[in-house]
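Q: Okay, sequence plus prediction incoming.
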Amino acid sequence: MTAFRGESGHMSHDETMTSTTRAWLRYWRHSLADSQSGRGALSESALRGTASLAASFYRDGRLPSDHPALAALFADEPATTRLVRVVLRPAVFKVLQAHGQKKQALYPDVVTPLLCGLWVARDGRFIPAEPPVIPRDLLQPQADDRFTLAHVADQDRVLSRAEPAVWSASEALALLDDDAGDVPWKAYYDLSRSLFNDLCPRAFLDTAFVSADEARLAKVDDQLGAAHHIIKLYDWLSVADQPLPLVEGYAQRHVESHRPCVAAGTGAMDRLGHANTRYPLAIAQRDALAQSMALGEGELLAVNGPPGTGKTTFVLSVVASQWVKAALDQTEPPLIVAASSNNQAVTNILEAFADGFEETDDPFGGRWLPGIDSYGGYYPARSREDDAARHYQTPAFYRRLESPVYLDTAEAAFLGHARRAFEDDTLDDVDTVRERLHQELERTRGRLQALQRRWADRAARHAELVERLGDAPEQRLAQAQQRRDGLQAEAEAHLADLQQWQRLCAEEPVWLSLFAFVPPVARKRRARRALFIATSLSADARQRIEAAPAGSDPESVLREALADRRQAVAQADAFLETGRACLQALDTAHAALDNAYRKLGFAAVPDSFDVFDQTLDTSLRFTLFQRAVHYWEARWLADCAARAEELTEQTARGREKPGRKKVRPRWRRRMMLTPCIVSTLHSLPSHMTHRVFEGQDRYREDYLTNEIDLLIVDEAGQVAPDVAGASTALARRLLAIGDIHQIKPVATQSPSIDVGNLAHQGLLANRDAYDTLREGGRTVVDGSVMRIAQAASRVRYLDDAEAGMFLRAHRRCLDAIIAYCNALCYRGLLQPLRDTPAIDPALPPLGYVHVDGCAETPASGSRVNRLEAITIAEWLADQRTRLEKTHGKPLAQIVGVVTPFKAQARLIAQACRARDISVGTQAGDMTIGTVHALQGAERDVVLFSGVYSRHTNGRFIDDDPAMLNVAVSRARDSFLVFGDMDVIGSAARGSPRHLLGRYLFSEPNNALPFAASAARPDLLALCETPRLINDAEAHDRCIRELLEGARRWVALVSPWISLDRLEETGLADALRQAADRHVAITIYTDHHFNTTQATQPDADRTARFEKCCAALTAMGLTVNVVTQVHSKLIMADDRFLCVGSYNWASAAREGRFKNMETSMLYSGNLTEETRIQLDALNARIRG
């Protein structure tokens, strides 16, 4: 809390949360409060919420004891409160106005360039609580091009050197108790003045603002705004005494060793619901759903969802599966809340719940209760409920449905649908229908599980067969049979050998045996047997007898050989029997699976588990969801009937009872109608409360902690840690869905201040550990809920991706478009799977219109390029009819326009409106804005205005790859860049723009032939009447005139150059003649365009180009070969500049393209313009 009492006022509590978790909660609480009260750009209404002070009080370091502002600070505080936390704004500047309007529309109403976080004591003393700072929203870098005064790194350097003394709450209280305690205010005051003087450009402020000659003071807790409910929950948690497992995991869990993910087959048993019959889950979505269903209490799971990978479909499946599971188990419905930090994300979720669940025409399709239009409810801020109720299902919607008037008609409508669906006119009782629906659920689950078991059985049989017989079992069995037959033949041969030997022995004369001890007889006997072995036995038998030890009995050897072969035959028979049994078992398992599968109306069962499982999504799992919808409707009707008296009273009162015994069942009852509630994280805490009676008409507000079964944070990469931290206390599990490579949370603190805040809470031992701490994603400088969930996830789906699950299948953009994003941010992990062609093949997937405009920085600080804005508007006006005819829908639904700069967005919008193109946020309006305008949206065609030119380049677009990642991935069919292609082509290697250039320039057809009819507005001040040139002949005449009239120099810029074309048109002679007059002629041309064919090096083109350069050099011309030239320019004597789309050194003078080029010739004092152009060209000359 920000008001502190003396020691007698401290509260004790049971430490159920660890001290580290409590420290993180305090850190997030104070960071959020500071971000709300610490803005430097204010509206007039926000300023009115602060107290005006004379600047002298700031200098003196105290308020007079009788000052009204001091009395107001302590007016609502208990008598024991000795300090309050305030933010002091020592300087206030108000925007200049003309005729009652702001002179600069993009400037804030009020700028307070210095903030001082202070404690104020009852005697009026100021005690520094935080270092003086320039507010973070006035410092670069920013996610957009908002008004700023300095760079955050400059402030951090100043504060790091100064290390101002500040006091924590306990230190400040101790200071008050110390009679000799003295605050070195002057040092703090001097530092703040130095910071202001060094980093705030006063001259710049004075051009657009006027000093109000006052200071402003406000209590921190009076400035909380939209974060009020979050702060209130943080304060309640500071004295909470119950276990909060999810808070602990959110604050501390950092997993180093990851578990294996849930196996696809295992997880299939828990995936019980699906949203439609058209689109099954992709493999990664399926695996993420299985992992989500396995989440334990207190666990977090990150689901990384790059653009177009089906995050919305995944969310619907999570909700559907959870809802169906509870219906099957006949428990209470799960309380699932989907939340985010901004209204656009929330709106996208609500639209998904309204449109994403299919409602078929069969009797079980749709709703059986009237008046329900969505599967999601919306709990907005209470101040917005009336407006939201016109579009969404808000608490008022649930109250209306719980009224006796609705309930009287709802039951009859429900039973009517049930009779038609079950074809049973005797159904006249809700409980009977509920039982029938549950039986249907069980029956359908039984079919699903039977199919899954049969698949598992077939898979097990197949695995066993492969283990025994390999991948070609029938071939292996045939080979085994052949070997068995060979062994049998060998056994029979051995038997014949044995029988012959036995016959020999039986026919042997008796005397040979009786006198075998006589040497001659023994020799005769051995000779006789040897002859028999050599002439009568098989070769194998002979070899075995010969190999036997000396003195071995041949009969024993032959018996052993026979036994060996008989054993081998027996083994072969056993192998064949087992193999055939395995094959038969597989055939039986497959037949059972195939028979059950065909009963669903499908053809033969697929070989792939993935395909098999996807058919279950769009059949049985969808059926389960349909039955669950009506099961929960029946449960809702029964619950309402059981609470009829309470609901009647609720209707009469117009509000719900706030006690815990009423609130908790109410949440569960409403989840029976809509399986998910949607809210912002700023509003959610205010809805998860109940009142506790404390006696004598006194109540306190408590929170429903651990009540939400699953909290889904959407666009979690945009949600700051402090915004979501409090709400984790309300939930048991957290599913974070988002992408850290898209738009990030707005930074609310500078690193130097953040270090101090962390240290004050005991979370940071020293400055050197700060970077390590930031890696966990929990700090407010660059952390997010997504990064916290990644750190806390117990699984890692892909080794090369962030921890957690990773959705890979991209189906939004054409492959050529998403390839850029894949290379820029995702290390090639995305799988482009779109299977439909572009609607408009006339536009390339990645294309560009080169615009030789000029980037300017007006007083607002936001950059503009006026010719670029005009070109975009003219292109849209020119293409509108064709686009609308091709796509079959209005232009606003086809095209979106994005730019990094707010002022440029305004300029483009103005130019479009001037051409009768409606622009805005309403239905039928085209969206034009910064990349935030299309976050979460998509268009067939996206136009990008880069603004930068060779006049003013900058790194804003390249500072964060997220900007171009978001912009490009909004385009389904075409992403078209309008701008200075020379700037993109010369961007720093490895930068987002350089990579974009590689894709844009990879195909010649990516260049769109279009030029605005307007002159460059900035040059009109130097040349009031520029000359428009339209066709090839006019261009050639203009070139000759410039060459003939030039006195000192001429520079010609053309991406392509052709000696043959120069000779044919006579321009070669004109160049030669000008050079003979000692006019310095320089030609700039591009190496790549002149030496490649279809972007590949071409030896013939290279040879022609070298010959051309040599010939021109021989004429006395200078030829500079440049990297990435897209401009078509002619400059002469600092007085003439011809700019357009005409390739003067190679353009067609005949045929259908001859009149498709336009240029504008400017004349006047163009020294600065030509210098900028030449400097840019000379910087890119190849070495």
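A: Ah, there it is.
Q: Could you use CA atoms for every contact and neighbour count after this?
A: OK.
Q: In stretch 68-85, which residues are buried?
A: 69-70, 73-74, 81-85 (16 or more other CA atoms under 10 Å).
Q: Now render the residues you listed as a markdown table, adding pLDDT.
A: Output for the buried residues of stretch 68-85, formatted as a markdown table (pLDDT from 0 to 100):
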| residue | pLDDT |
| --- | --- |
| Ala69 | 91 |
| Leu70 | 92 |
| Leu73 | 91 |
| Phe74 | 91 |
| Thr81 | 90 |
| Arg82 | 91 |
| Leu83 | 92 |
| Val84 | 93 |
| Arg85 | 91 |
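Q: Which of those residues sits closest to His1088?
A: Arg85 (63.6 Å; CA to CA).
Q: before we move on, the earlier item: just to be sure, which of the buried residues of stretch 68-85 are found in helices?
A: 69-70, 73-74 (DSSP state H).
Q: Can you pick out the most distant pair from these?
A: Taking CA to CA, no two of these sit farther apart than Ala69 and Phe74, at 9.1 Å.
Q: Save the ones in helices among the buried residues of stretch 68-85 as JSON lines, and put in distance to Arg278 too.
A: Formatted as JSON lines, those follow (distance: CA to CA, whole Å):
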{"residue": "Ala69", "distance to Arg278": "64"}
{"residue": "Leu70", "distance to Arg278": "66"}
{"residue": "Leu73", "distance to Arg278": "61"}
{"residue": "Phe74", "distance to Arg278": "63"}
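Q: which among the residues you listed gets closest to Val346?
A: Using CA to CA, these come closest to Val346 at Leu73, 36.4 Å.
Q: what sits against that closest one?
A: Residues near Leu73 by CA atoms under 8 Å, 6 or more residues apart in numbering: 84, 219.
Q: That one and Gly601, how far apart?
A: To Gly601, Leu73 is 74 Å away according to CA to CA, to the nearest Å.
Q: how about Val795, what does it touch?
A: 258-261, 803-805.
Q: Provide the backbone phi and psi angles at it.
A: As for Val795, its main-chain torsions (degrees, to the nearest 10) stand at phi -130, psi 160.
Q: That one and Ala288, how far apart?
A: Going from Val795 to Ala288 by CA to CA gives 10 Å.
Q: Overlap in contacts, these two.
A: Common neighbours of Val795 and Ala288, counting by CA under 8 Å, 6+ apart, are Met805.
Q: mind listing what's buried in stretch 789-802?
A: When burial is assessed from 16+ other CA under 10 Å, stretch 789-802 yields the following buried residues: 789-797, 802.
Q: correction: stretch 546-560
A: Neighbour-count burial for stretch 546-560, counted by 16+ other CA under 10 Å, picks out 554-555, 557-558.
Q: how about those residues in TSV, adding pLDDT?
A: Below are these laid out as TSV (pLDDT from 0 to 100):
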residue	pLDDT
Pro554	81
Glu555	78
Val557	80
Leu558	81
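Q: So which of these sit within helices?
A: Residues of the buried residues of stretch 546-560 located in helices (DSSP H): 554-555, 557-558.
Q: Against Asn822, how distant is the closest residue to Pro832 other than its chain neighbours?
A: Nearest residue to Pro832 in three dimensions, chain neighbours excluded: His810, at 5.0 Å (CA to CA, 6 or more residues apart in numbering). For His810, the distance to Asn822 equals 10 Å [CA to CA].
Q: Might one say that Ser321 is in contact with Gly273?
A: Yes. Using CA atoms under 8 Å, Ser321 makes contact with Gly273 at a distance of 4.1 Å.
Q: what residues go with each domain of this protein?
A: By the assignment in the TED database, the chain contains the domains 36-225, 245-428+620-745+786-792, 474-588, 747-782, 836-1006, 1025-1179.
Q: Leu976 bridge partners, please.
A: Note on Leu976: beta-bridge partners by DSSP bridges are Gly847, Leu943.
Q: Can you tell me the strand partners of the helix or strand hosting Val897 and which way each runs?
A: Element membership for Val897 (DSSP states H and E) is strand 895-898. Strand pairing for strand 895-898, using DSSP bridges, gives strand 927-929 (parallel), strand 939-945 (parallel).
Q: what distance separates it from the centre of its chain?
A: 20 Å (CA atoms, centre = their mean, to the nearest Å).
Q: Enumerate the positions of stretch 1024-1034 that are buried.
A: By 16+ other CA under 10 Å, the buried positions in stretch 1024-1034 come out as 1026, 1028-1032.
Q: ugh, typo on my part, it should be stretch 155-171
A: 155-156, 158-159, 166-169.
Q: Report the buried residues of stretch 1079-1095.
A: For stretch 1079-1095, a neighbour-count test (16+ other CA under 10 Å) marks 1079-1091, 1093 as buried.
Q: If you could redo that for stretch 1124-1138, that was the one I meant.
A: In stretch 1124-1138, counting by 16+ other CA under 10 Å, buried: 1124-1138.
Q: what sits up against it?
A: With CA under 8 Å, 6+ apart as the criterion, stretch 1124-1138 contacts 850, 852, 981-982, 985-986, 1039, 1042, 1046-1055, 1085-1088, 1139-1144, 1159-1167, 1170, 1180.
Q: could you dump it to CSV, C-alpha only?
A: Presented in CSV, the C-alpha positions along stretch 1124-1138 are these (Å, rounded to 0.1, in the frame of the first residue of the first chain):
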residue,chain,number,x,y,z
GLN,A,1124,20.4,-1.4,-55.3
VAL,A,1125,19.4,1.5,-57.6
HIS,A,1126,15.6,1.9,-58.1
SER,A,1127,15.4,5.6,-58.8
LYS,A,1128,15.2,7.0,-62.3
LEU,A,1129,16.7,10.5,-62.0
ILE,A,1130,18.4,13.1,-64.1
MET,A,1131,20.1,16.0,-62.4
ALA,A,1132,21.9,19.0,-64.0
ASP,A,1133,23.9,22.0,-62.6
ASP,A,1134,22.0,22.0,-59.2
ARG,A,1135,19.1,23.6,-61.2
PHE,A,1136,17.2,20.7,-62.7
LEU,A,1137,15.9,17.4,-61.3
CYS,A,1138,13.8,15.0,-63.3
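Q: any idea which helix or strand carries His494?
A: Using DSSP H and E, His494 falls within helix 473-507.
Q: For that helix, which helices and strands make contact with it?
A: When contacts are defined as 3 or more CA pairs under 8 Å, 6 or more residues apart in numbering; DSSP states H and E, helix 473-507 packs onto helix 430-469, helix 554-598.
Q: By mean pLDDT, show me the worst of those helices.
A: Mean pLDDT across these is lowest at helix 554-598; the value there is a mean of 88.
Q: Okay, helices next: where are they in the stretch 1-150 of the chain?
A: 19-37, 44-48, 55-60, 68-74 (DSSP state H, counting those that start in this stretch).
Q: Which one, of these, ends up nearest to Pro549?
A: Proximity to Pro549 (CA to CA) singles out helix 19-37 among the helices of the stretch 1-150 of the chain, at 82.1 Å.
Q: Which strands or helices does the closest one pack on?
A: Packing contacts for helix 19-37, counted by 3+ CA pairs under 8 Å, 6+ apart, involve helix 228-237, helix 245-252, helix 721-725, helix 751-760.
Q: Next, format those as JSON lines and append mean pLDDT.
A: Shown next, in JSON lines, are the helices and strands packed on helix 19-37 (pLDDT from 0 to 100):
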{"stretch": "helix 228-237", "mean pLDDT": "94"}
{"stretch": "helix 245-252", "mean pLDDT": "97"}
{"stretch": "helix 721-725", "mean pLDDT": "98"}
{"stretch": "helix 751-760", "mean pLDDT": "86"}
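Q: most neighbours per residue, which of these?
A: With neighbours taken as mean count of other CA atoms under 10 Å, the helices and strands packed on helix 19-37 reach their highest mean count in helix 721-725, at a mean of 25.
Q: which helices and strands sit right next to that one?
A: Short answer (3+ CA pairs under 8 Å, 6+ apart): helix 721-725 packs on helix 19-37, helix 785-792.
Q: Let's see that with 7 Å instead.
A: Applying 3 or more CA pairs under 7 Å, 6 or more residues apart in numbering; DSSP states H and E, one finds that helix 721-725 contacts helix 19-37.
Q: Fine by me, we can end here.
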